[in-house]
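fold the following, please.
(chains A, B, C, D, E and F)
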Amino acid sequence: MPLTLHILLSLPFLAAAVVAALPRTLSRGAVSWAAAAAPLAGLVLLGMMSPAVMGGEILRASLPWIPSAGLDLSLRLDGLAWMFTGLVLGIGVLIVMYAHYYLSSRDNAPRFYSFLLLFMGAMLGMVLAGNLLLLVVFWELTSISSFLLIGFWTHREDARQGARMALTVTGLGGLALLGGVLLIGRVVGSFELDAVLAAGDVIRASSWYPAILGLVLAGVFTKSAQFPFQFWLPQAMAAPTPVSAYLHSATMVKAGVFLLARLHPALAGTDLFFYVVTTVGAITLVIGAWYAIFQHDIKGLLAYSTISHLGLITMLFGLSTPMAVVAGVFHILNHATFKASLFMAAGIIDHETGTRDMRRLGNLRRFMPYTAALAIIASLAMAGVPLLNGFLSKEMFFAEALQVEAQGAMQLFVTVAAGLAGVLGVAYSLRFVHDTFFGDGPRDLDTDPHEPVRWMRVPVAVLVVMCLAVGILPALTVSGILETAVAGTLGDAAPEFSLAVWHGWNLPLAMSIIGLVGGVVLYFTLRRLFALHDAILRSWGRHLFQVNIEKLFAAAGRFTERVAAGGIRRSLFWMIVVVLVVGAVPFMGDAVGEAIGLASLPGSQPMPVLGWIIWTVLVVSSVATVAAHGRRLTALIVIGAVGLMLCAIFALLSAPDLALTQLLVEMVTIAMMMMALNYLPKQSKQSRTPFRRWRDAGISLAAGLGVFALVYGMLLRPSQTIAPELLARSLPEAYGANVVNVILVDFRGFDTFGEITVFAVAALTVHALLRWARLKPDEVMPGPPVQLPIPADLTQLLFPLTLTVSIYLFLRGHNAPGGGFIAGLAIAVPVLIKYVLQGARAVEATFGFDYLRGVGIGLLIACVGGLGSLLFGLPFLTSGHYDLELPIVGTLPLASALVFDTGVYVVVFAGALLMLSTMGTVKHRQRAAEEDY
Amino acid sequence: MIATLLAALIIFMLLVGAFFVFLGGFSLVKLSSFFHRIHGPTKASTLGVGSILFASVIYHTTYGSGLHPRELLITLFLFMTAPVSAHLMSRAALSLMDGRPDDPSVTPDPEAHIRDDADEIAEQRARDHERPHVE
Amino acid sequence: MKFQLFPSIPQSITVFIFWVLMAENYSAATLLMGLLLALLMPQLSARLEREFAQIGNAGALIPLAAKLAWDVVVANITVARQVLGPEKELRSAFIWIPLELTNIHGISALTSVITLTPGTVSTELSADRKHLLVHFLDVEDPDAAIAEIKTRYEAPLRRVFP
Amino acid sequence: MTQHLVLAPILVPLITGAALLLLERRHDSQVLRTGAWIGMALLLASALALLVRASQGGIDVYLMGDWPSRLGIVLMVDRLSAMMVVTTTLLAIPCLLYACAGWDKRALHFHSLFQIQLAGLNGAFLTGDIFNLFVFFEVLLISSFGLLLSGGRGDRMKAGMHYVVFNIAASTLFLIALGLLYGLLGTLNMAELAVRLREVAPEDLAIVRAACGLLLVVFCSKAALLPLYLWLPETYSRAPAAVAALFTIMTKVGLYALLRVSTLMFGDEAGLLAGFGRDTLLAFGLVTLVLAGVGVVGSQRLRIGAAYLVLLSAGTLFVAFALAEPGTISAGLYYLPHSCFAAAAMFMVAHIVQRERGLLGDRVLPTAPPLPKLTGSLYLIAAVSIVGLPPLSGFIGKFVLLDATPDTAVGWVYTAVLGSSLLGIIGLTRTGTRLFWRVEESDLPGPPPPTIPGFELAATTLLLAYGIALSVAAEPVLRYTQATATQLLSPDDYIESVRSTGPQLRAP
Amino acid sequence: MEFALASAIGVLTASGVYLLLRARTFDVILGLTLLSYATNLLIFSSGRLVIGKPPVLAADVAPTLANYADPLPQALVLTAIVIAFAMTAVVVVVAMRNHADLQSDHVDGREPARARKGDR
Amino acid sequence: MINAAILFAMVVVGSAMLFSLTRLIKGPSAPDRILALDTLYVSTIAELILFGMFLDSSLYFEIALVIAMLGFFGTVVLSKYVIRRDIVE
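Residues are numbered from 1 along each chain as shown, chains lettered A, B, ... in the order given. Modelled structure (predicted):
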């Protein structure tokens, strides 16, 4: 039954989905039962598998997920996982039962249970994972789901903060763990747990070992709230108590130590491991215990004690001797039982008295004797009093701490820490018991404290009975479980051990006694010295974290704000700088002139006088544009000269088509800019920072020089182009003498296709932006629109003639300068002149041409022109040629490229006019609306 | 013989054309007020280009690819458009001018509006001087 | 809009001549295309124009054109002298010329003609279209100048554009 | 007919866009939507068909106009192109769905612009000619301008100005680089360019390097590499949700071009130019990652945060591609669609939040918003997916990348990738708790939480479902991307198939 | 001639870049225009400079590079011109809308702090 | 001989262009600059025709024709702007 494990794992997830889907109106009982079904069923399954596991078998099951990346859904049930599964499910059942009574009617029970089940599933997945990556997956899932649980009471600030803090810290650990696991995979070559556990020697010998250890331990320490990450755990107490009871006894925080146990064979056994883990564990152990004494909140006290106990477990794993591991595993088990029961008791107290503040509580044994009895027993177990389970594992801990083989300082440190831990543990247990159940009666309570409903006590009672049973009869109750778990942890290295209550008079027992006595003394001394009720001991870790995280947010915010506020100029500035650097770097380390290779290259051609004249006009007007840019009209006129000279250059340097295009585009551009200028200020405000101007001037000069150098370098090199073939094949195969046009409609017709698309979309965009816009002209001239009858009348003749010319340019385009684009603009311009001279409305009233539709039709024509060749099985845009014989007319050469070019023609004409007519007919904003601003 | 004559004609027309184009440009630089300047380029240049085109037609007919009367179309267009642009430019200048001649259809006494534009020049100069860098 | 096969005969003719001139070959295809355009162009431009120019007496156009050509050449030489000469001696002036032409096409033609003849630039048409503002580069006697324009150009134009 | 399949992803949306333009006058949004969806369905079918074809491992070469590749323009379909086309199409479906909730009526020409945008994207992915690549860059850019700005006002215009100007400047630079490349090497076909680059003479090396460098700068600025990303956050956070969601693929176009060019032209066979720019890109990619993480943490608005997450994914991809190992490229290619989908979902969620909260918009301030519970769940899944928490696709992409990182780069890459993830978690956690966890507890039933319009919900869910599908089907996807990476790293096949494909009728 | 053209491109680039970095939308548009001129010339020059040999095939002249200029860059420039025009159209309109919506023609949509203070 | 004349004419027309440039830069008023630009256009036509003669090519015809036909458009638009600010009313 290989899939049993998968079924087991999927149970809580399925249940979570089911519960989440339940309506809120459903009775809580039904929801609880639905929720409890999953862990109960899980326990049954686990029970079915138990004999095999206890017999030393390791159950494995695997489903492929991402085998190529080494991540499969492989599950593995060995002793350790078995024990943890039992814990997770068993305590889970109790928690569900408890929560049923704990939750109030205002709480959204389905939500709660679905989160809880989600968490349970994640936890199960983590312990069952047979693949380290899968373990990480579930590890992070526990972080997320615990985040949701801790923040369940979302309206409470402390809950939100606690949840965030928990997720941040454990998220950090999870990422570190991911890094560590990936490094392990790198060393071992597999993420499968079996392989990794078998490859301990390889890992320890690898040069990655310190990094692996650091990263994995970061995961462990954050999850298990070890120093210096312990601060999140008390914050997480803002969660509903069932959650705390679950997360902080059996599951969430145990995940860390579980991992430590899990990877023990692979990672432990080095000095580094020993020192780091032991030290951190010891520090945590002491700090947690010390802080616990000074808490006023019961749950706070329990939280710190949890930290302390986890420190203890960590330290045990740090000691690394087989017996220490046994003790560690044992203590995990014990701690889960008594701590879960304590949390539940705390929840009962909270529930029935309305407070968890020990300064207001006291003498509760009178009001709730049963609860008090249960809680006291559990506390004693926590303190390590004999005949209770806590005593057994603590005893083992003392034994191992005393046996540690290390340098003197370390040995002393470990011993002292262990001793202190014993003393402090008794002290805080005592504080809990004394301040809550004894002493002066409760103060200022809103409600009368009383016993809870019986079924709320049952889970506590179950656990306390277990504490007692284990404590009194360890060999009968827990021994088998522990053996199985240890076998799972250490494999062949598992030691023989026997659990007994009485080991005789020995050093550990002495330490236990010292601890008990010292703890009692300490508690009462402290009580007298410091007036515990007033003492406040802030968690500086939490404080630091909060300060720093706020600082981080603020700093990040400032940084982002500065970046975002930098605006366009900063963007462009950086781009230009990057370009300059990228352009300059290749020439570095080489004399620039030599790199460009001026000396070795063929000389340049002579320059005609006309060329110099054009050059002068171009350069001067270009510089003048810069000089005049503040006065916009002037700048526009001057830039017109630049455009004209460009056209002249194109003409001079054998590019008539370009000259034509440049000219026409120039005209339309100027018209467009003039229209825009109507709605923009006439002048630019000058920036008043000369620094910026100089900086920009410097950069622009550098850019100019750079481009100059590159172009010059390029021009002086011989060209090795494909052009000869284009020239040679143009006439015979594409039937056009104007090679440029042939390239445009044939060789590279697809470019043109894209180009007209760009043109069309630009027109659409202009239309979309201005269609409904109301703009305010910068300056409104008084009076009615001026009549320009004379030029308007003269252009009457111009329109048909330019249209004729345009058709001529279009038809001749394949063999002489011209073509669809040029022709399209050539006809758009006179229509535009009409607009200018007669006004847009007058023109559009008569000239009923739908430009928008024209754009669409043009694009479709171009498509059809290109697709025609598909009918002949030839690729897109393949040109066909057909000589049409007509009776009188003679031969008419028809090239299919003409259809495509017609599309271009229509798009350009309609697009240009769509843009310009839209810009020309912008609606002015009413004056009344201006006042509102 | 005819060839020499034609060549001479071409050269002559070229020189005349170049001269008039030059004149158009020169008057731009030399004259002091806008309404003086506009007389030069709008007509002289037009004529100059016309002459050059004429030379070109003869040239192509004689030495080149045959008769291309279509070049005359350029002249035709020029003669159509040059007045339009001159008219508009002068209107533009007029609209910027202070103390422009009033529209006689509003004040029906056309004779009153014949005025020497020496004041015009003075005024315009003063204005240019006031705000030389601002339009 | 009423459909007319030839909204404007002059325009059709112009377009045809234009096409043939431009195409530079006189094959049947070219001529046919020219005819087609002559048919189409006015139709298209009819969508843009309110009215077409009607030519009254086309015969008067030719002497006018000849006169104009001559004037352009002669007067250009005068202007050349004026431009090259000292600027101080120029007596420039704005003069409103009263118009008798009422046809807007005629007025347009007159404006162009005035501008083309050197020494004068037509600047503005009054709102009631009865006066034309002309800038003279060098004028001694305004009344004589007005009279010359009226007889030399306006009179024939009135015949062309009745 | 199958040979013409390559055309479909470009022409289908283009024709749809043009045809929708003709239908616009009818003022019937139903007609437009129907048309758009028909186009979308055809596009999806053709994209999938292309993917199936490409996954057989061959490289299809389509000669435009039946000219040999060196003379005309070629379209190329290899695994990478097909994958990008499919990603685009898959992303476009929820975006269109989202827009159909109402935005398409408010933005003039939305459907046409949207379709043409798709045509531009697909064209950029399919073309094998570098100038044609430029043209398609422009097609997609200009339609993105339209999509971004149509129906917008105020702040969106401001952001639009930045976006438009920056991209035009970048396009200008593209042209400069192309001009230099053509001037120096004399061809525009990418395969031919690659061949000629291999034979570059040492004395020409510097100037060729400069030209290539400029080309890479262009791609980096489109893909938003440090310090060329300043335009991105404002723009993306101001764009309409459906458009912002679609824009998540825009940075990927730059990355695609970068990957294509650097594997083809600067691969190990490229002689003097082998490995050109790799180290620099890696370094800058790492810094981008970290700064993007800082941006997520510091963002005051959810959509700004989402925009920085786009940046974060871009940084990750830079790193993946700059490492240039088969494994990292494969991981990057897996991560690429994931990051598109997840970030798109985030933008949609942000928009839903923004609308529900009225004046507060998507600012990260705690309130008592009656946000629908569902929004919170959507946010959670999107956030988990995008910061790379398990078990969703982001995690898989990241760990595969980290796993494939070469030993020498482990330190920096691990630190940056994991560190930025942490920053992402911190930022998104804060945002999420502030936005979705109500502050006040009231017994009174407040105003019922508004419901999310069906289209929007469907769109967001679909995107998230993509993410889940990517995680579940990670194995086949990864196998595909591995094959893609292998194909990319052996450019000789590409060159060979371009050169060996001859015209049907003409002389080769 | 090569020097002249290269220097002209350099001057256009420098002017364009300077204007591109100005703070007003219109100046930026002018800058982009100048830059696109520079780019067009640059692409154009990548076919090398040839005076008076337009690539329009004549019947009796062999179609080789000796007799005709390289046509390909010309076609590219044509595409580039058109695209630059389309882009300019869009940016011009965005500038118009920017000014209308935000009451400022500053590229970042708001006047710098100092200027705003001065206005009050 | 004719070639020399053509070249000479080119230079002379070129100097006219330079004159226009001067006016274009100096201004002072907008109509002055518009006039200068207009003149520049006309001179360019002349140069193109001369160049066509020089090369004995008719390929420059189209450009010259288009400039002659539409070159005044810039002037129209600019003048209209000066007159009314709003070029399309």
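
for the rest of this, base every contact and every neighbour count on C-alpha atoms.
Will do.

thought A:Leu374 was touching A:Pro459?
No. A:Leu374 is beyond contact range of A:Pro459, at 10.6 Å (criterion: CA atoms under 8 Å).

which residue is the nearest non-sequential neighbour of D:Arg153?
In this structure, D:Arg153 finds its nearest non-sequential neighbour in E:Asp101, 6.6 Å apart by CA to CA, 6 or more residues apart in numbering or on different chains.

do the same with A:Leu874
Counting by CA to CA, 6+ apart, the residue nearest A:Leu874 is D:Asp66, at 6.9 Å.

what do you get for A:Thr625?
What sits nearest to A:Thr625 in space, not counting adjacent residues and going by CA to CA, 6+ apart, is A:Ala635, at 4.9 Å.

what's the neighbour count on the one you found?
22 (other CA atoms under 10 Å in any protein chain shown).

how about the contacts made by it?
A:Ala635 makes contacts with A:Ala624, A:Thr625, A:Val626, A:Ala628, A:His629, as judged by CA atoms under 8 Å, 6 or more residues apart in numbering or on different chains.

now swap in C:Ala60 and tell me
By CA under 8 Å, 6+ apart, the neighbours of C:Ala60 are C:Pro156, C:Leu157, C:Arg159, C:Val160.

from C:Pro10, how far out is it?
15 Å (CA to CA, to the nearest Å).

try D:Gly72
Taking CA to CA as the measure, D:Gly72 falls 47 Å from C:Pro10.

please say which of the two ends up with more neighbours.
Between D:Gly72 and C:Pro10, counting by other CA under 10 Å, D:Gly72 is the more crowded of the two (22 against 18).

can you give me the helices in the stretch 451-600 of chain A?
Taking DSSP state H, counting those that start in this stretch as the criterion, the stretch 451-600 of chain A carries its helices at A:454-472, A:474-477, A:479-490, A:507-530, A:540-565, A:567-584, A:592-596.

return the most buried member of those.
helix A:479-490 (a mean of 23; mean count of other CA atoms under 10 Å in any protein chain shown).

against which helices or strands is it packed?
If contacts are counted by 3 or more CA pairs under 8 Å, 6 or more residues apart in numbering or on different chains; DSSP states H and E, helix A:479-490 sits against helix A:28-54, helix A:79-102, helix A:264-267, helix A:322-353.

distance from the chain centre to it, please.
40 Å (CA atoms, centre = their mean, to the nearest Å).

cool, stretch E:97-107 as well?
23 Å.

same deal with stretch D:87-101?
14 Å.

spatially nearest residue to residue 86, not counting backbone neighbours?
No chain in the question, so chain A it is. Nearest to A:Gly86 is A:Leu43, by CA to CA, 6+ apart, at 6.9 Å.

the intended chain is chain F.
Closest to F:Asp86 by CA to CA, 6+ apart is A:Asn678, at 5.8 Å.

find me the pLDDT at that neighbour, would you?
What the model reports for A:Asn678 is a pLDDT of 85.

before we move on, what about the one 3 residues further on?
The score at A:Pro681 is 84. That number is its pLDDT.

give me the secondary structure label for it.
Recorded secondary structure, A:Pro681: coil (DSSP: H, G, I helix; E, B strand; the rest coil).

who's in contact with it?
With CA under 8 Å, 6+ apart, A:Pro681 has these contacts: A:Asp778, E:Asp105.

distance check, A:Pro349 against C:Ser122.
For the record, residue A:349 is Ile, not Pro. In terms of CA to CA, A:Ile349 sits 104 Å off from C:Ser122.

where do the helices sit along chain E?
Applying DSSP state H to chain E gives helices spanning E:2-20, E:25-45, E:71-102, E:113-119.

can you put those in TSV and add mean neighbour count and mean pLDDT?
Output for these, formatted as TSV (neighbours: other CA atoms under 10 Å in any protein chain shown; pLDDT from 0 to 100):
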stretch	mean neighbour count	mean pLDDT
helix E:2-20	26	92
helix E:25-45	27	92
helix E:71-102	26	91
helix E:113-119	9	45
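
which one of these lies closest to D:Lys252?
Proximity of the helices of chain E to D:Lys252 was assessed by CA to CA; the nearest stretch is helix E:71-102, lying at 21.8 Å.

wait, isn't D:Leu232 in contact with D:Leu226?
No. D:Leu232 is beyond contact range of D:Leu226, at 11.1 Å (criterion: CA under 8 Å).

re earlier: mind checking which of the contacts of C:Ala60 land in helices?
C:Pro156, C:Leu157, C:Arg159, C:Val160.

ranking the helices of the stretch 451-600 of chain A by mean pLDDT, which is last?
For the helices of the stretch 451-600 of chain A, the bottom mean pLDDT is recorded on helix A:592-596, which sits at a mean of 52.

next SSE after that helix?
Next along the chain after helix A:592-596, taking DSSP states H and E as the criterion, comes helix A:609-627.

that next one to helix E:2-20, inter-axis angle?
Calculated by axes from the mean of the first three to the mean of the last three CA atoms, to 10 degrees, helix A:609-627 forms an angle of 10 degrees with helix E:2-20.

can you show me the CA trace of helix A:609-627 as PDB?
The C-alpha coordinates for helix A:609-627 follow below in PDB (Å, rounded to 0.1, in the frame of the first residue of the first chain):
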ATOM      1  CA  VAL A 609      31.300  73.000 -52.100                       C
ATOM      2  CA  LEU A 610      27.600  72.500 -52.100                       C
ATOM      3  CA  GLY A 611      28.100  69.900 -49.500                       C
ATOM      4  CA  TRP A 612      29.800  72.400 -47.300                       C
ATOM      5  CA  ILE A 613      27.000  74.900 -47.700                       C
ATOM      6  CA  ILE A 614      24.400  72.300 -46.700                       C
ATOM      7  CA  TRP A 615      26.600  71.200 -43.900                       C
ATOM      8  CA  THR A 616      26.900  74.700 -42.600                       C
ATOM      9  CA  VAL A 617      23.200  75.300 -42.700                       C
ATOM     10  CA  LEU A 618      22.500  72.100 -41.100                       C
ATOM     11  CA  VAL A 619      25.000  72.500 -38.300                       C
ATOM     12  CA  VAL A 620      24.200  76.100 -37.600                       C
ATOM     13  CA  SER A 621      20.500  75.600 -37.500                       C
ATOM     14  CA  SER A 622      20.900  72.600 -35.400                       C
ATOM     15  CA  VAL A 623      22.900  74.500 -32.800                       C
ATOM     16  CA  ALA A 624      20.500  77.400 -33.200                       C
ATOM     17  CA  THR A 625      17.600  75.100 -32.300                       C
ATOM     18  CA  VAL A 626      19.300  74.400 -29.100                       C
ATOM     19  CA  ALA A 627      20.000  78.100 -28.500                       C
END
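
list of residues touching that helix?
A:634-636, A:638-639, A:641-642, A:645-646, A:648-649, E:1, E:4-5, E:8, E:11-12, E:15, E:18-19, E:34, F:10-11, F:14-15, F:17-18, F:21, F:25.

still on that earlier bit, so how far is chain C from the residue nearest to D:Arg153?
Distance of E:Asp101 to chain C, computed by CA to the nearest CA, to the nearest Å: 35 Å.

list the contacts for that residue?
Contact analysis of E:Asp101 by CA under 8 Å, 6+ apart lists D:Arg153, D:Gly154, D:Met157.

top of these by neighbour count?
That'd be D:Met157 among the contacts of E:Asp101, by other CA under 10 Å, with 30 neighbours.
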